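Student: for reference, the sequence and a predicted model appear below.
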Amino acid sequence: MELHPLNKFWSLIYSIIQEFWALTESEIEETAIRHDIPIDLYYYGELGLEYFSVENFQKRDPFSNPEQFEKLFARLNVQGWIEPVPDDRYKVTDKARNGARKIIEAGDAKLPSPESMPGLDLERLKVLIKQVVLANDHEPEPPEKWAILKRFRVADKTSPVLVKIREYLMDLFAYRDDSHLSAARPHFNQAGIVWSVLGAVWEGSAVAVEKMAETMAFRGYENSDYEITLQAATEIGWLEETGTPGNFCVTQKGRELREKAESLTDEYFYRPWSVLTQEELDELYDLLTKLREGLRELRKTVSDSHF
């Protein structure tokens, strides 16, 4: 598969997001426990904190078992965090949004100060990333813009620069999801589990039922669900059994389909980046690399201090 010229950026951005998670999520979880705030409000804030519904959640996450969402809604409703409204939706309360903001801000407070990264121009990095985010806003569809418009944001004009950068990177994460779903959804419609299975086999992370149920346990599906899905993916020609019973590999048709979707994802995702010159792109990559290394060093320092 021919890679997009800017392909190196996404893996770098995602690795930085993972560093932010590593630095903030333990504090977010602890704060949620101390104040009796459901941690789900943090995780599902990426799907928006205005209205909850299975239909809305599947706009960004068509790959998880919708029964999980229904159980979540019932629990949050009983606890008073969301309120039922017509059309099988729930209105998220101000109490829930304030709670989500509280725990996210607690996590952000664990991020380093600019003074701890003296060799990195964080203000310049913020400006460059913001240019791409604003270009996403003005880019015509496709991709269908859902995640980028709905996700819950905490950072504002008064936030520290690193919190603003984290927020902009999460905006890019959302736009990446919008790009991928616009590229892939025509191939699976409502059967997101089939696309997950194809992806797992294509990446090599799972090639059998048991491994899929283990590595994708967070999706909420059982072994039997993956058995049915593997059979369906085989019948439509995306997968085929290997010489080892119960193990599967991707067919030429499945590989071409997946690579086509990945290429279109990159095309959608990187199209707005034309707002930056080549010199600015090189500068952005250098600054992002320095940020990742700075966050990694801080994480190691924090981890070592716990011993």
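Tutor: Sure thing, it's come through. Numbering: from 1, shown residues only.

Student: avg pLDDT for stretch 232-251?
Tutor: Averaging pLDDT along stretch 232-251 gives 93.

Student: could you work out the end-to-end span of it for me?
Tutor: From the first residue to the last, stretch 232-251 extends over 14 Å; the measure is CA to CA, to the nearest Å.

Student: give the buried residues for stretch 159-171.
Tutor: Applying a neighbour-count criterion of 16 or more other CB atoms under 10 Å, the buried positions in stretch 159-171 are 160, 161, 162, 163, 164, 165, 166, 167, 168, 169, 170, 171. Quick note: C-beta positions are derived from backbone N, CA and C, even for glycine.

Student: what's near enough to touch the second one?
Tutor: Right, residue 161. 114, 122, 123, 126 (CB atoms under 8 Å, 6 or more residues apart in numbering).

Student: the last one now?
Tutor: If you count contacts by CB under 8 Å, 6+ apart, residue 171 has them with 133, 136, 148, 151.

Student: what about it, distance to residue 247?
Tutor: 39 Å (CB to CB, to the nearest Å).

Student: now residue 5
Tutor: Note on residue 5: its distance to residue 247, by CB to CB, is 36 Å.

Student: could you do residue 229 as well?
Tutor: Taking CB to CB as the measure, residue 229 and residue 247 are separated by 15 Å.

Student: who has more neighbours out of those two?
Tutor: The neighbour count for residue 229 versus residue 247, taken as other CB atoms under 10 Å, is higher for residue 229 (21 against 15).

Student: where does this protein dip in pLDDT?
Tutor: 1, 303-307 (pLDDT under 70).

Student: please, where are all the strands along it?
Tutor: Taking DSSP state E as the test, the strands found in the chain are 51-52, 82-85, 89-92, 239-241, 248-250.

Student: ok, which of those strands comes nearest residue 27?
Tutor: Nearest of those to residue 27, taken as CB to CB: strand 89-92 at 22.8 Å.

Student: tell me the buried residues in that closest one?
Tutor: Of the residues in strand 89-92, those buried by neighbour count under the rule 16+ other CB under 10 Å are 89, 90, 92.

Student: for these, give me TSV that also has distance to residue 207.
Tutor: Listed next are the buried residues of strand 89-92 as TSV, based on distance: CB to CB, whole Å:
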residue	distance to residue 207
89	39
90	38
92	39
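
Student: skipping adjacent residues, who's closest to residue 79 in space?
Tutor: Nearest residue to residue 79 in three dimensions, chain neighbours excluded: residue 38, at 7.1 Å (CB to CB, 6 or more residues apart in numbering).

Student: shouldn't that neighbour be in contact with residue 78?
Tutor: No. Residue 38 lies out of contact with residue 78 (CB atoms under 8 Å); the separation is 11.3 Å.

Student: the two: who's more crowded?
Tutor: Here residue 38 and residue 78 are set side by side on neighbour count (other CB under 10 Å), and the busier one is residue 38, at 18 against 9.

Student: OK, contacts around that one?
Tutor: By CB under 8 Å, 6+ apart, the contact list for residue 38 reads 32, 75, 76, 79, 81, 99.

Student: just the closest of these to residue 243, please.
Tutor: Comparing every one of the contacts of residue 38 with residue 243 (CB to CB), the shortest separation belongs to residue 75, at 45.7 Å.

Student: list the contacts for the closest one?
Tutor: If you count contacts by CB under 8 Å, 6+ apart, residue 75 has them with residue 38.

Student: thinking again about what came up before, just the buried ones from the contacts of residue 171, in PyMOL syntax?
Tutor: Below is the selection syntax for PyMOL that covers the buried ones among these, with 16+ other CB under 10 Å defining burial:
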select buried, resi 133+136+148+151
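
Student: JSON lines for the contacts of residue 171, including distance to residue 10?
Tutor: Below are these laid out as JSON lines (distance: CB to CB, whole Å):
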{"residue": "133", "distance to residue 10": "15"}
{"residue": "136", "distance to residue 10": "14"}
{"residue": "148", "distance to residue 10": "15"}
{"residue": "151", "distance to residue 10": "18"}
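
Student: okay, and which of the contacts of residue 171 map to helices?
Tutor: 133, 136, 148 (DSSP state H).

Student: for the stretch 151-300 of the chain, which segments count as helices?
Tutor: Secondary structure of the stretch 151-300 of the chain by DSSP state H, counting those that start in this stretch: the helices cover 161-188, 192-203, 209-215, 223-235, 252-270, 278-305.

Student: can I get those helices in TSV including distance to residue 57?
Tutor: Written out in TSV, the entries for the helices of the stretch 151-300 of the chain read as follows (distance: least, CB to CB, whole Å):
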stretch	distance to residue 57
helix 161-188	13
helix 192-203	11
helix 209-215	21
helix 223-235	18
helix 252-270	21
helix 278-305	30
